[in-house]
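Visitor: generate a structure from the sequence data that follows.
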Amino acid sequence: MKFDCGSAGVIVLAEGAASTTNRDTDCTITLSQDNLVKLLKGKLNPMTGVMTGKLKISGDMTTAMRLGKLIG
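Guide: Okay, the predicted model is just below:
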């Protein structure tokens, strides 16, 4: 899974580790750096974020749903 914050950079979660090296992943979540912080702190619900356009998901939706369960 990749969090793509545009010019602020990326965070890639793969194989039990995190990296800031951009690479292809099964699922990419595009959002602002501010919204990533809110998402990780539990102040932005993933489903609400998608519905309001604050985050966009591309790729494997099953992977994205796992994130919702972890954060939820």
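Visitor: and the longest helix along the chain, average pLDDT?
Guide: Criterion DSSP state H: the longest helix present in the chain is helix 61-71. The average pLDDT within helix 61-71 is 79.
Visitor: please report how far Leu39 lies from Leu67.
Guide: 9 Å (Cβ to Cβ, to the nearest Å). C-beta here means a position set from N, CA and C on the backbone, and glycine is covered the same way.
Visitor: just Ala18 next, same as before
Guide: Taking Cβ to Cβ, one finds Ala18 at 13 Å from Leu67.
Visitor: which one's more surrounded, the two?
Guide: Neighbour count, other Cβ atoms under 10 Å: between Ala18 and Leu67, Leu67 has more, with 17 against 9.
Visitor: surely that one is in contact with Phe3?
Guide: No. In this structure Leu67 lies outside contact range of Phe3 using Cβ atoms under 8 Å: 9.4 Å.
Visitor: quick one on the thing from earlier: mind listing what's buried in the longest helix of the chain?
Guide: Thr63, Ala64, Leu67 (16 or more other Cβ atoms under 10 Å).
Visitor: just the CA trace of the helix or strand where Ser58 lies, in CSV.
Guide: Using DSSP states H and E, Ser58 sits in strand 55-59. The C-alpha trace of strand 55-59 is given here as CSV (Å, rounded to 0.1, in the frame of the first residue of the first chain):
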residue,chain,number,x,y,z
LEU,A,55,-8.6,10.8,-0.4
LYS,A,56,-8.7,8.8,-3.5
ILE,A,57,-8.0,5.1,-3.8
SER,A,58,-6.6,3.3,-6.9
GLY,A,59,-5.8,-0.3,-7.3
